[in-house]
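Colleague: Give the three-dimensional model of this entry:
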Amino acid sequence: MGWKDLLQKGDESAVSPWVGGRSVHAGGRTWTLDGPLPPEHGWHSFRVVRRKARWVTAAEAQPETLRFTVQGYLVGDRMVPDLARVVPDPGQIADYSERVHLVEPGLDRFVRVSAGRAFEGGPLVYREQVMPLGPEGAVLAAYLDERTSVDAIAEVPPALDAAFRLEAWRRAEAVRRRAEVLRLRREEEERREREEARQKLVRELGDGAGRRRMAAFDFEAAARAALDVGGAKYLDHRRTPRAREMAVRFRFEGRRYECTCDDRTLRIVDAGICLTDHDTGERGDTWLTLESLPGVIQEADREGKLVVFRHVD
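Modeller: Prediction:
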């Protein structure tokens, strides 16, 4: 192949994963993204002309085009690679793992997956599930039996042990958080009764108390207004199996997220991201509301500490 063969012949198209930024990488080539950015992270088709690329539309994933593959276990949206030799505590997971973008929704716990990069040194992007090593079924059974360790299971690799530790820790935290939410709910109801006369005067969604009053009659309208305060866009909501708890999906800075909140107070029950102070062990979810959650996500992402537990990309 000579240099003339590398010259572009008219407009071309490229399909590539996009997770932010102004660069597009595919087939060993790189273009600068011109014009509007894609609306959210995902696989997209781009029209490329010389060294420029313009977004066209969302595209079917092409995981086979990813290179520099890594295999391991997902912990939220972080991968602990098979080659790991240290079992990190839950609070250290960000130091022993790498973020995986575009994780397939609905993956079961303790499955091995592979991820790759569109270019050397680029972000990891989810490819597919891969063959288990053997003890995954026993580890899942231990989790379902509410055991606190997998020490009794033979040949559990450190990466799988790390995944089990974090999932067990998250379950224990969820029980504690829900007890806390019940207490906060009772206090909230008592305050609401004391302030009932004032709340009846609130009619506009621009006021926080008004949004909470509206939530009792039109949760979607209240959630839209609350997320708008934080610069996020409401996408959908559904009621969870638990009383007075809503799961809310929203888009923020090109990525989709999901959280759960109280359907009247809009107080967060499960932020969908890690918010534990690992010095004190204190969980911060219930300090937040739908209005304040996007700002916390932005700060954690800026500091490289964002760990997302709910896969909706």
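Colleague: any idea which helix or strand carries residue 305?
Modeller: Assigned by DSSP states H and E, residue 305 belongs to no helix or strand.
Colleague: quick one: secondary structure of residue 248?
Modeller: Assigned by DSSP: H, G, I helix; E, B strand; the rest coil, the conformation of residue 248 is strand.
Colleague: so what's it bridging to?
Modeller: Beta-bridge pairing for residue 248 (DSSP bridges): residue 237, residue 259.
Colleague: Test my guess that it contacts residue 223.
Modeller: Yes: using C-beta atoms under 8 Å, residue 248 is in contact with residue 223, at 5.5 Å. Every C-beta, even on glycine, is put in place using the N, C-alpha and C of the backbone.
Colleague: between these two, what contacts are shared?
Modeller: 234, 237, 290 (C-beta atoms under 8 Å, 6 or more residues apart in numbering).
Colleague: Just put those residues in a markdown table and tack on pLDDT, distance to residue 12 and neighbour count.
Modeller: Shown next, in a markdown table, are the shared contacts of residue 248 and residue 223 (pLDDT from 0 to 100; distance: C-beta to C-beta, whole Å; neighbours: other C-beta atoms under 10 Å):
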| residue | pLDDT | distance to residue 12 | neighbour count |
| --- | --- | --- | --- |
| 234 | 97 | 37 | 19 |
| 237 | 97 | 41 | 19 |
| 290 | 96 | 43 | 29 |
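Colleague: And the residues you listed, which is closest to residue 211?
Modeller: Using C-beta to C-beta, residue 290 is the member of the shared contacts of residue 248 and residue 223 that lies nearest residue 211, at 8.4 Å.
Colleague: any chance of the shared contacts of residue 248 and residue 223 in TSV, plus distance to residue 48?
Modeller: Shown next, in TSV, are the shared contacts of residue 248 and residue 223 (distance: C-beta to C-beta, whole Å):
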residue	distance to residue 48
234	34
237	38
290	40
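Colleague: So which of those residues is the closest to residue 34?
Modeller: residue 234 (29.9 Å).
Colleague: how close does the closest one sit to residue 246?
Modeller: Using C-beta to C-beta, to the nearest Å, we find residue 234 at a distance of 12 Å from residue 246.
Colleague: Next: residue 69.
Modeller: Residue 69 is 38 Å from residue 246, by C-beta to C-beta.
Colleague: quick one: which of the two has more around it?
Modeller: residue 246 (22 against 14; other C-beta atoms under 10 Å).
Colleague: Would you check that that one makes contact with residue 263?
Modeller: Yes: the pair residue 246 / residue 263 is scored as a contact, 4.7 Å apart, by C-beta under 8 Å.
Colleague: Mutual contacts of these two, please.
Modeller: The contact lists of residue 246 and residue 263 share 219, 239, where a contact means C-beta under 8 Å, 6+ apart.
Colleague: From residue 25, how far out is the nearest residue to residue 267 once chain neighbours are set aside?
Modeller: Excluding the flanking residues, the one nearest residue 267 by C-beta to C-beta, 6 or more residues apart in numbering is residue 289, at 5.6 Å. According to C-beta to C-beta, residue 289 stands 38 Å off from residue 25.
Colleague: what do you get for residue 96?
Modeller: In terms of C-beta to C-beta, residue 96 sits 27 Å off from residue 25.
Colleague: now swap in residue 252 and tell me
Modeller: In terms of C-beta to C-beta, residue 252 sits 24 Å off from residue 25.
Colleague: can you check residue 149 too?
Modeller: On the measure of C-beta to C-beta, residue 149 and residue 25 end up 42 Å apart.
Colleague: between the two, which one's more packed in?
Modeller: Ranked by neighbour count (other C-beta under 10 Å), residue 149 and residue 25 place residue 25 first, with 19 against 12.
Colleague: Just read off the phi/psi values of residue 192.
Modeller: In terms of degrees, to the nearest 10, the main-chain angles of residue 192 are phi -60, psi -40.
Colleague: State the pLDDT value of it.
Modeller: pLDDT for residue 192: 81.
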